[in-house]
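Using only what follows, build the 3D model:
(chains A and B)
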There are 2 protein chains.
Amino acid sequence: MAEAATVRRSRITPEREGELYSAVLDLLREVGYDALTMDAVAARTRSSKATLYRQWGGKAELVVRALRHQKPLHLADIDTGSLRGDLHALAVCQGDSQMEADSALMRGLSMAVHANPDLLQAFRELFIEPELEDLRGVLQRAVDRGEIRPNNPALDYVLHMMVGAFAARTMIDAQPPTQAFLISYIDAVVLPALGA
Amino acid sequence: MAEAATVRRSRITPEREGELYSAVLDLLREVGYDALTMDAVAARTRSSKATLYRQWGGKAELVVRALRHQKPLHLADIDTGSLRGDLHALAVCQGDSQMEADSALMRGLSMAVHANPDLLQAFRELFIEPELEDLRGVLQRAVDRGEIRPNNPALDYVLHMMVGAFAARTMIDAQPPTQAFLISYIDAVVLPALGA
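Residues are numbered from 1 along each chain as shown, chains lettered A, B, ... in the order given. Model prediction:
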């Protein structure tokens, strides 16, 4: 799926691709996943629907690629020399207002995946799996440095801990996740669970 | 709020109250929070709307009390003698199919609270706060037994860890939370983070 998409996407410039993704996320915030149509994306971006389908195959892949594209920092680009440094870098890679906006987007998507199996599949293949792969790299370096025991069972749950705190924050504390909250949570929960 | 509600609710029998709550949750599963009306609840339960408003004040409080009422086990009733035993008891208090149904309900609510400030307020006052209060009791006993240091910073995040894993499970692993997953997560993450 990723390879086919790369071939398809090579037909437009990176700038144009970025514009398209921004427009898709704007629409997603305005109307939500279920009401978002390829017609609306075509109109908003002055593209033909045929082009959109040729480049992305469908709504699910287009939305997920747009989400991943807007991430300000990818785990693969982080290597501070310590696990604590790497996780903190992830926590502070975007400002609090952007984090709140993202939190709302992801909440909407987390509802939509349950009603749309193709969205769930695209989300797992094009978003979660690459994140897990990058995370495994970060954790493997920590294991290699001797910061984590290689058989620590919490290694399988780092993404659950992080995504979970992000998702639970608003409901439990009636305030959105912030950099300060994530750093405090990383130091209090994630690193101790990993024995780091 | 809780005291006023107790006075109001004393006018109906516990059996009738349980029937009403079941009907409310059925409706919630069928149409979601936003489309759920007091008219529909009145029709489904053969009550008058005036009665519903007198007993519960409004839709938000009625829905949240119904959610809390259906919980199979409250933390306040758990005291196994160890923290691990207490958390495991919570994880296995309902079967996997019931847990999946609950997970869907809570997901719907977690979306609705963001669009309905009165629902968020009721949810925090009548659901989250009592849960946190009960959880503090469980954790205080663990501190008193010497299982956790009283100043462990993870003490503030136990609900985030648990709710978060529950919420993140489906999206990350494409499967619903199960008893086996929760027990594994408690042993790998929650207890080590608490230093227990």
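
Would you map out the domains in chain A?
Residue ranges for the domains of chain A, per automatic domain parsing: A:1-70, A:72-196.

now chain A, which segments are flagged as low pLDDT?
Within chain A, the stretches falling below the threshold (pLDDT under 70) are A:1-10.

Now find how far off-centre the helix or strand A:Arg65 falls within is within its chain.
Element membership of A:Arg65, judged by DSSP states H and E, is helix A:59-69. Remark: helix A:59-69 is offset 10 Å from the chain centroid, using Cα atoms, centre = their mean, to the nearest Å.

Show residues contacting that helix.
If you take Cβ atoms under 8 Å, 6 or more residues apart in numbering or on different chains as the criterion, helix A:59-69 is touched by A:1, A:5, A:17-18, A:20-22, A:24-25, A:28, A:33, A:36-38, A:41, A:52, A:56, A:105-106, A:109, A:116, A:118-119, A:121-123, A:126-127, A:130. Every C-beta, even on glycine, is put in place using the N, C-alpha and C of the backbone.

Could you export it as CSV, CA atoms only?
Written as CSV, here are the backbone C-alpha positions of helix A:59-69 (Å, rounded to 0.1, in the frame of the first residue of the first chain):
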residue,chain,number,x,y,z
LYS,A,59,-11.0,9.2,1.5
ALA,A,60,-9.6,7.0,4.2
GLU,A,61,-6.0,7.1,2.9
LEU,A,62,-6.2,10.8,2.0
VAL,A,63,-7.3,11.7,5.5
VAL,A,64,-4.7,9.6,7.3
ARG,A,65,-1.8,10.8,5.1
ALA,A,66,-2.9,14.4,5.8
LEU,A,67,-2.9,13.7,9.5
ARG,A,68,0.6,12.1,9.4
HIS,A,69,1.9,14.9,7.1
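
Beyond that helix, next helix or strand please.
Following helix A:59-69 toward the C-terminus (DSSP H and E): helix A:83-91.

related to what we said a few turns ago, looking at the domains of chain A, which is buried most?
Of the domains of chain A, the one with the most neighbours on average (mean count of other Cβ atoms under 10 Å in any protein chain shown) is domain A:72-196, at a mean of 18.

Centre of the chain to that domain, how far?
The answer for domain A:72-196 is 9 Å, by Cα atoms, centre = their mean.

All the helices of chain A, residue numbers only.
With helices called from DSSP state H, chain A shows them at A:2-9, A:14-35, A:38-45, A:49-56, A:59-69, A:83-91, A:96-115, A:117-123, A:129-144, A:158-173, A:179-185, A:191-193.

Alpha carbons of the second one, as PDB, please.
Taking Å, rounded to 0.1, in the frame of the first residue of the first chain, the C-alpha atoms of helix A:14-35 are listed here in PDB:
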ATOM      1  CA  PRO A  14       5.500  18.400  -2.400                       C
ATOM      2  CA  GLU A  15       4.100  22.000  -2.100                       C
ATOM      3  CA  ARG A  16       0.900  21.100  -3.800                       C
ATOM      4  CA  GLU A  17       0.600  18.000  -1.600                       C
ATOM      5  CA  GLY A  18       1.000  20.000   1.500                       C
ATOM      6  CA  GLU A  19      -1.700  22.500   0.400                       C
ATOM      7  CA  LEU A  20      -4.000  19.600  -0.300                       C
ATOM      8  CA  TYR A  21      -3.400  18.000   3.100                       C
ATOM      9  CA  SER A  22      -4.000  21.400   4.900                       C
ATOM     10  CA  ALA A  23      -7.300  21.700   3.100                       C
ATOM     11  CA  VAL A  24      -8.300  18.200   4.000                       C
ATOM     12  CA  LEU A  25      -7.600  18.800   7.700                       C
ATOM     13  CA  ASP A  26      -9.500  22.100   7.600                       C
ATOM     14  CA  LEU A  27     -12.500  20.300   6.200                       C
ATOM     15  CA  LEU A  28     -12.100  17.500   8.700                       C
ATOM     16  CA  ARG A  29     -12.300  20.000  11.600                       C
ATOM     17  CA  GLU A  30     -15.300  21.700  10.000                       C
ATOM     18  CA  VAL A  31     -17.500  18.800   9.200                       C
ATOM     19  CA  GLY A  32     -16.000  15.600  10.700                       C
ATOM     20  CA  TYR A  33     -15.000  12.500   8.900                       C
ATOM     21  CA  ASP A  34     -18.400  11.100   8.100                       C
ATOM     22  CA  ALA A  35     -19.600  14.300   6.400                       C
END
